[in-house]
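Undergrad: For reference, the sequence and a predicted model appear below.
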Amino acid sequence: MDSAFLTPPLSASGSDTEKQFSFDHPQSIDDSTAPRTSRLRYERKMGDTELSYFLPSRQSGVNDMYLHLGFKAHERIAKRSRVCTVWAILRLRHPLLCARADMHDYDDVRFVYGAPSSAGDAYIDADANLEYRMQNKDELIDSYLNGARTLSNTRLSYLILSEPLNSPELMPTPPHTPSPSSVSLVLDATSETEDPGAETRGQRQYELLICAMHFLGDGMALHQFANDFFGLLGGEKSDDELRDMLHEEWRARWGDVPEEHILPSALEDNMPMSASPFRRVAAKVDFQLSQQKLVGGQSFPRRKHPERFTIVPTVSFPEDRTKAMLKKCKAHGVSISAALFAICNVAWARLGAGNREMPTLMYSALNLRPYFTKAPSSSLWSSYWYLAIGYFNVILPSFLPSGAASHEATFWLRARQAKEQSTRAAKNPLVASRTQEMAKERGKRARAWGKEDDERENGTYVPPAPAVAPASDVFAKEPVFPARAKASSAALIGLSLLGNLDGIYKHAVFPAVKLHTLTTGSRQRNGAMLLFGYTFAGKLWISLGYDSNGFAGDVVDRFWKEALDCVDEYLG
């Protein structure tokens with residue numbers, strides 16, 4: 001069941017829209033004569049990986065992603081009309097952002113996209129999914145993570161722009177999302193060149209929150225989108241030129257009805273399996289054997305609490321110190337990402353909270369885009385908003401040598417081990433088949449749990465009957481896999497290692513905007529934890545998003561302190 005929105009979207013009747021919306025400049029397209037394509041509808045079924053994110057999200061928004069970016073810019077850059085035009089252009093390029101999710105059954109959930117009837121229609125849709133606030137960064141993120149759900153099955157993406165109340169000047173246009181009775185959707189046709197004082201006024205502080213369902217895409221899609229957003233918003237194009245671009249984007253896509261399928265393919269379709277029966281059987285065997293190798297016996301002590309409350313403590317390190325850290329990691333033959341695995345491992349070992357005989361298992365995401373073999377239907381519809389992530393694991397010892405003098409050597413050894421395991425996972429020739437098998441397993445589990453959740457909510461849940469042992473094992477098949485004692489596969493923590501984001505954000509392309517802060521994450525389930533590590537704006541950032549009500553005692557606080565101490569001690 002969908003939660004209520006934080007704030008109601010802007011709305012206007014059809015007749016009001018025609019009166020209020022206008023592109024009145026010489027090069028504009030006359031919306032009244034444009035082909036009407038509002039009845040065009042495109043849909044496709046979700047794949048198993050998308051389902052595994054969709055089904056758990058329905059109740060409270062588990063996995064709903066956000067990307068926060070703090071930036072400074074002149075107020076003309078943050079005008080609602082300019083922001084909305086850019087938002088509308090990008091929503092045209094990436095149709096899943098404007099789609100809805102229709103659930104017919106647990107294995108039949110569909111993306112449904114209705115084509116915009118005009119550039120004006122696209123603008124109004126973007127405006128209905130854009131909100132202005134006056135909150136600071138922490139308030140903005142807290143309300144998204146712990147407040148009422150922002151997204152829903154009919155709102156798969158949302159944009160929030162905020163100027164904090166403590167800003168030197170308050171945003172004049174507008175302070176809050178206007179009510180439907182007072183909204184005016186007329187685009188401001190006054191360009192910045194008509195305001196000679198615009199560039200001389202001081203810059204203001206803004207907070208941007210990009211919100212999207214996880215089944216639409218992954219972190220790489222979020223960051224590429226943010227770069228494209230600021231490239232248009234803070235680039236050299238005037239407001240008039242952006243409006244012309246919006247018209248051209250709509251005309252190129254919908255001036256003539258496209259024959260190709262415009263929605264991006266599911267992950268599994270982008271990595272098709274071989275039709276050979278032998279290869280399919282071999283893929284199943286390989287997947288099962290690879291899963292048996294996952295052994296982990298370390299986990300944070302959890303507690304049951306009726307309410308989840310996610311916090312995201314974040315630290316950043318100055319540019320000069322970050323450069324020294326990168327240099328030191330390079331000298332030891334590893335990246336910052338590999339070092340963060342070792343930091344978590346050593347910090348946990350120092351706490352001495354688990355059985356030292358059991359290893360520490362950590363997991364992370366693997367970018368699958370390099371493995372895709374299916375090309376988009378056309379360059380016009382080559383959206384990067386789709387899921388393209390798999391998972392890999394790093395397993396390290398849970399003890400430290402007795403001599404403190406050898407701890408640093410142990411740390412760098414663990415970092416190299418993490419690098420080797422990460423490299424093996426990325427270069428494994430069976431990545432595609434393992435991804436397919438994992439997708440099937442995740443989809444199967446998600447459907448079973450989703451059905452159980454619904455039955456529990458409706459009061460109709462009946463526990464399954466215990467499995468009945470066969471009366472005779474005469475016809476029992478010989479086990480395919482070697483006999484092994486069952487071992488725990490508990491994971492200590494997940495790491496989202498985004499690498500150098502300055503390779504994605506082309507800061508020089510949007511000179512009118514100065515990005516300085518980045519925080520990302522998602523709404524979590526009870527007792528969840530995820531550590532983020534990345535470089536941005538020349539700085540190393542480390543953040544720990546976790547449910548502060550879901551863990552016993554002060555163990556997470558102590559772990560976080562140990563992790564930061566390890567950064568100081570080993571990275572410098």
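TA: All right, it came through fine.

Undergrad: going forward, measure contacts and count neighbours with C-alpha atoms only.
TA: Noted.

Undergrad: Quick check: which element contains Gln205?
TA: strand 204-212 (DSSP states H and E).

Undergrad: in that strand, what counts as buried?
TA: Neighbour-count burial for strand 204-212, counted by 16 or more other CA atoms under 10 Å, picks out 204-212.

Undergrad: Put the alpha carbons of it into CSV.
TA: The C-alpha coordinates for strand 204-212 follow below in CSV (Å, rounded to 0.1, in the frame of the first residue of the first chain):
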residue,chain,number,x,y,z
ARG,A,204,23.5,31.4,-2.4
GLN,A,205,23.6,28.0,-0.8
TYR,A,206,21.2,25.3,-2.1
GLU,A,207,20.6,21.7,-1.3
LEU,A,208,19.4,19.3,-4.1
LEU,A,209,17.8,16.0,-3.4
ILE,A,210,17.3,13.6,-6.3
CYS,A,211,14.9,10.8,-5.4
ALA,A,212,14.3,7.6,-7.4
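
Undergrad: Tell me what angle the very next helix or strand once past that strand forms with strand 204-212.
TA: Downstream of strand 204-212, the next assigned helix or strand under DSSP H and E is helix 219-233. Note on geometry: by axes from the mean of the first three to the mean of the last three CA atoms, to 10 degrees, helix 219-233 and strand 204-212 are set 140 degrees apart in direction.

Undergrad: what does helix 219-233 contact?
TA: Applying CA atoms under 8 Å, 6 or more residues apart in numbering, the contact partners of helix 219-233 are 67, 77, 82-83, 86-87, 90, 210, 242, 384-386, 501, 504-506, 509-510, 513.

Undergrad: at 6 Å instead, please
TA: The contact list for helix 219-233 (CA atoms under 6 Å, 6 or more residues apart in numbering) reads 384-385, 505, 509-510.

Undergrad: could you point out which element follows that helix?
TA: That would be, after helix 219-233 and using DSSP H and E, helix 239-254.

Undergrad: leaving aside the residues next to it on the chain, what's closest to Ala418?
TA: Nearest residue to Ala418 in three dimensions, chain neighbours excluded: Ala338, at 5.5 Å (CA to CA, 6 or more residues apart in numbering).

Undergrad: Glu420 is in what secondary structure piece?
TA: Using DSSP H and E, Glu420 falls within helix 407-427.

Undergrad: Can you dump the C-alpha atoms of stretch 271-278 in PDB for me?
TA: C-alpha atoms of stretch 271-278 as PDB (Å, rounded to 0.1, in the frame of the first residue of the first chain):
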ATOM      1  CA  MET A 271      23.000 -10.300 -20.400                       C
ATOM      2  CA  PRO A 272      21.200 -13.100 -22.200                       C
ATOM      3  CA  MET A 273      22.100 -16.700 -21.300                       C
ATOM      4  CA  SER A 274      23.300 -19.200 -23.800                       C
ATOM      5  CA  ALA A 275      20.600 -21.400 -25.300                       C
ATOM      6  CA  SER A 276      22.700 -24.500 -24.800                       C
ATOM      7  CA  PRO A 277      21.200 -26.900 -22.300                       C
ATOM      8  CA  PHE A 278      24.700 -28.000 -21.200                       C
END
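
Undergrad: Name the residues of that stretch that come out as buried.
TA: Neighbour counts over stretch 271-278 (16+ other CA under 10 Å) mark 271, 273 as buried.

Undergrad: Same check on stretch 54-68?
TA: For stretch 54-68, burial by neighbour count (16+ other CA under 10 Å) applies to 54-58, 60-68.

Undergrad: try stretch 495-505
TA: For stretch 495-505, the buried set under the neighbour-count rule, 16+ other CA under 10 Å, comprises 495-501, 504-505.

Undergrad: what's the answer for stretch 289-296, then?
TA: For stretch 289-296, a neighbour-count test (16+ other CA under 10 Å) marks 294-296 as buried.

Undergrad: Pretty sure Glu43 sits against Phe111.
TA: Yes: using CA atoms under 6 Å, Glu43 makes contact with Phe111 at a distance of 5.3 Å.

Undergrad: of these two, who's got more company?
TA: Neighbour tally, Glu43 and Phe111, criterion other CA atoms under 10 Å: the higher count belongs to Phe111, 20 against 17.

Undergrad: Residues in a beta bridge with that one, which ones?
TA: Beta bridges link Phe111 to Arg44, Ala101, judged by DSSP bridges.

Undergrad: likewise Leu396?
TA: Going by DSSP bridges, Leu396 forms beta bridges with Thr360.

Undergrad: now it: how far from Ile343?
TA: Applying CA to CA, to the nearest Å, the value for Leu396 to Ile343 is 11 Å.

Undergrad: Make sure the residue nearest to Ala418 is indeed in a helix.
TA: Yes: counting by DSSP: H, G, I helix; E, B strand; the rest coil, Ala338 is located in a helix.

Undergrad: For it, list the residues it contacts.
TA: Neighbouring residues of Ala338 by CA under 6 Å, 6+ apart: 415, 418-419.

Undergrad: Who wins on neighbours among the residues you listed?
TA: Ala415 (27 neighbours).

Undergrad: thought that one was touching Leu340?
TA: No: using CA under 6 Å, Ala415 is not in contact with Leu340; the gap is 7.7 Å.

Undergrad: And the residue lying closest to Arg100 once chain neighbours are set aside, how close does it get to Phe111?
TA: Excluding its sequence neighbours, the residue lying closest to Arg100 (CA to CA, 6+ apart) is Thr154, at 4.6 Å. Distance of Thr154 to Phe111, computed by CA to CA: 10 Å.

Undergrad: Which neighbours do the two have in common?
TA: Contacts common to Thr154 and Phe111, judged by CA under 6 Å, 6+ apart, are Arg100.

Undergrad: Please render the buried residues of stretch 54-68 as TSV that adds distance to Asn270 and secondary structure to the earlier fields.
TA: Listed next are these as TSV, based on distance: CA to CA, whole Å; DSSP: H, G, I helix; E, B strand; the rest coil:
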residue	distance to Asn270	secondary structure
Phe54	19	helix
Leu55	22	helix
Pro56	24	helix
Ser57	24	helix
Arg58	26	coil
Ser60	30	coil
Gly61	26	coil
Val62	25	coil
Asn63	23	coil
Asp64	23	coil
Met65	23	strand
Tyr66	25	strand
Leu67	26	strand
His68	29	strand
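
Undergrad: ok, which pair from the residues you listed is furthest apart?
TA: Taking CA to CA, the two most distant members of those are Leu55 and His68; they sit 25.0 Å apart.

Undergrad: show me where this protein has helices.
TA: Assigned helices in the chain, in chain order: 14-20, 48-57, 80-93, 119-128, 137-146, 219-233, 239-254, 267-270, 277-292, 319-331, 336-351, 407-427, 431-458, 555-566 (criterion: DSSP state H).

Undergrad: Tabulate these (TSV), appending mean pLDDT.
TA: Below are these laid out as TSV (pLDDT from 0 to 100):
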stretch	mean pLDDT
helix 14-20	31
helix 48-57	97
helix 80-93	98
helix 119-128	98
helix 137-146	98
helix 219-233	98
helix 239-254	97
helix 267-270	95
helix 277-292	89
helix 319-331	97
helix 336-351	97
helix 407-427	97
helix 431-458	94
helix 555-566	97
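
Undergrad: These into JSON lines, with extra columns for distance to Ser543?
TA: Formatted as JSON lines, those follow (distance: least, CA to CA, whole Å):
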{"stretch": "helix 14-20", "distance to Ser543": "44"}
{"stretch": "helix 48-57", "distance to Ser543": "23"}
{"stretch": "helix 80-93", "distance to Ser543": "28"}
{"stretch": "helix 119-128", "distance to Ser543": "31"}
{"stretch": "helix 137-146", "distance to Ser543": "13"}
{"stretch": "helix 219-233", "distance to Ser543": "15"}
{"stretch": "helix 239-254", "distance to Ser543": "36"}
{"stretch": "helix 267-270", "distance to Ser543": "28"}
{"stretch": "helix 277-292", "distance to Ser543": "29"}
{"stretch": "helix 319-331", "distance to Ser543": "15"}
{"stretch": "helix 336-351", "distance to Ser543": "11"}
{"stretch": "helix 407-427", "distance to Ser543": "19"}
{"stretch": "helix 431-458", "distance to Ser543": "27"}
{"stretch": "helix 555-566", "distance to Ser543": "9"}
